[in-house]
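Asker: Following is a predicted model, sequence given first.
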Amino acid sequence: MRRKTKLIHGGILGDEHTGAVSVPIYQVSTYKQEKIGVHKGYEYSRTGNPTRFALEELIKDLEEGVRGFAFGSGMAAIHAVFSLFSHGDHVLLTDDVYGGTYRITSKVLNRAGIESTFVDTTNLEAVEKEIRPETKALFVETPTNPLLKVTDLKAASEFAKRHGLLLIVDNTFSTPYWQTPLTLGADIVVHSATKYIGGHSDVVAGLAVVNSEKLADELHFIQNATGAILGPQDSWLLIRGIKTLGLRMEAVEKNARAISAFLTDHPAVKKVYYPGLPSHPQHELAARQAGGFGGMISFDAGSAAKAEEVLSKVNYFSLAESLGAVESLISVPARMTHASIPAERRAELGITDGLIRISVGIEDQEDLIEDLKSALE
């Protein structure tokens, strides 16, 4: 089954009881049992819900994994995955990781004794130097947020297996339409489904997919025990959003290619970060391991004042947190999505005060380019 067909026909199609072509919203908390312990597969909606299960089956098929899980947010999914580890365990993470991931590992999970080290995962020699006897996993975000660095997932998988580590990949930016980390050797994939998978700025959700029954059983136990599940209404919205994921990802990439080329040539822009540019240091790798370069672009306007000026003048780019929607969004990571990262750490990574991140939408590309041109000048 090809990608666009799988978006429509993957998972569970419709409702066999009524013939409905759309999975129903099972707005229910509990289920009648025939007798104690005998039921029709569902007993309580924290443990399982038919609408949520349909979404979980769909993301499982799209990521080519063993089992999928739907959570109340992307951070809930990440928290559940990190709950696989215990006091004293150590995890290695991509250095310019999403601010929320940095926050939960450095200010929440550390209280439970789970230690983290942030390292440039595009350089596996540097990663190897940070391995400890208690290291249990390598968490990779690729492309990264907001500097769009690309990690070689096949090489990272071989590295992780050699050192007995789980490889966890945040696939939010690429989505399973462009990139399937499990097929490249990853053990777990996580998504902020709030972003491209939902695609319409109307749902907050997280997804995870695992590559083994053992991990599936462990993660299901954690999800059921902690209860950070996705409700049936939001599950249905994600199923609906996924049906157009391919069309949207192709549209935003077409726009992003044109916008990144425009920004590269603009004298007011110091630097552009986009894997689709031949000048990007991992351009060839990105082209090899993913089907597309996505719709996220970051560029340095030179200063905080200039960045603020640009944000105040755009018309078609909404100043907002989040990304991956049909409408174009714009933000300053240092003051918004990555504000939880200390200033000195941001400086080390290259997340400058003048760095602007744009999530390209599906509007007419000429309108978007004219909007940015006017704001920059």
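Answerer: Received it, and whenever you're ready, just let me know what you need.
Asker: When you work out contacts or count neighbours from here on, use the C-alpha atoms and nothing else.
Answerer: Noted.
Asker: where's the closest residue to T244 other than its chain neighbours, which helix or strand?
Answerer: Using CA to CA, 6 or more residues apart in numbering and skipping residues adjacent in sequence, the residue nearest T244 is L7, 7.6 Å away. For L7, the host element (DSSP states H and E) is helix 3-9.
Asker: buried stuff in that helix?
Answerer: The neighbour-count check on helix 3-9 (16 or more other CA atoms under 10 Å) flags K4, K6, L7, I8 as buried.
Asker: I figured the first one was touching R248, is that so?
Answerer: Translated: K4. No. Counting by CA atoms under 8 Å, K4 sits too far from R248 to count as a contact (11.1 Å).
Asker: Tell me how many other residues crowd G19.
Answerer: 10 (other CA atoms under 10 Å).
Asker: One more: G41?
Answerer: A count of nearby residues for G41, using other CA under 10 Å, gives 11.
Asker: quick check, it in a helix?
Answerer: No. Counting by DSSP: H, G, I helix; E, B strand; the rest coil, G41 is not found in a helix; it is coil.
Asker: Buried residues, the lowest-mean-pLDDT helix or strand in the chain. List them.
Answerer: Ranked by mean pLDDT, DSSP states H and E, the helix or strand of the chain with the weakest confidence is helix 343-349, at a mean of 84. If you call a residue buried by 16+ other CA under 10 Å, then helix 343-349 has these buried ones: A343, R346.
Asker: same thing with stretch 127-144?
Answerer: V127, I131, T135, K136, A137, L138, F139, V140, E141, T142, P143, T144.
Asker: And stretch 104-119, by the same measure?
Answerer: I104, T105, S106, L109, N110, I114, E115, S116, T117, F118, V119.
Asker: Could you work out the end-to-end span of it for me?
Answerer: Distance across stretch 104-119, first residue to last, is 17 Å (CA to CA, to the nearest Å).
Asker: For stretch 257-265, buried residues please.
Answerer: For stretch 257-265, by 16+ other CA under 10 Å, it's R257, I259, S260, F262, L263, T264.
Asker: possible to save these as JSON lines with pLDDT and secondary structure?
Answerer: As requested, those are arranged in JSON lines below (pLDDT from 0 to 100; DSSP: H, G, I helix; E, B strand; the rest coil):
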{"residue": "R257", "pLDDT": "98", "secondary structure": "helix"}
{"residue": "I259", "pLDDT": "98", "secondary structure": "helix"}
{"residue": "S260", "pLDDT": "98", "secondary structure": "helix"}
{"residue": "F262", "pLDDT": "98", "secondary structure": "helix"}
{"residue": "L263", "pLDDT": "98", "secondary structure": "helix"}
{"residue": "T264", "pLDDT": "98", "secondary structure": "helix"}
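Asker: Pick the one among those residues closest to N49.
Answerer: N49 lies nearest to R257 out of the buried residues of stretch 257-265, by CA to CA, at 40.3 Å.
Asker: What count of nearby residues applies to the closest residue to that closest one other than its chain neighbours?
Answerer: Nearest non-adjacent residue to R257, counting by CA to CA, 6+ apart: G276, 6.7 Å away. By other CA under 10 Å, 22 other residues sit near G276.
Asker: In three-state terms, label G276 for me.
Answerer: G276 ends up coil, using three-state DSSP.
Asker: per-residue confidence at it?
Answerer: Note on G276: pLDDT of 97.
Asker: For the residue sitting nearest the centre point of the chain, grab phi and psi.
Answerer: Nearest to the geometric centre of the chain sits T172, at 1.8 Å (CA atoms, centre = their mean). When read as degrees, to the nearest 10, the backbone of T172 gives phi -60, psi -50.
Asker: Give the phi and psi angles for the nearest residue to it once chain neighbours are set aside, as a check.
Answerer: The spatially closest residue to T172, leaving aside those adjacent along the chain, is H191, at 4.7 Å (CA to CA, 6+ apart). Main-chain dihedrals, H191, degrees, to the nearest 10: phi -140, psi 140.
Asker: With the one 3 residues further on instead?
Answerer: Summarising the backbone geometry of T194 under the convention degrees, to the nearest 10, its torsions are phi -60, psi -30.
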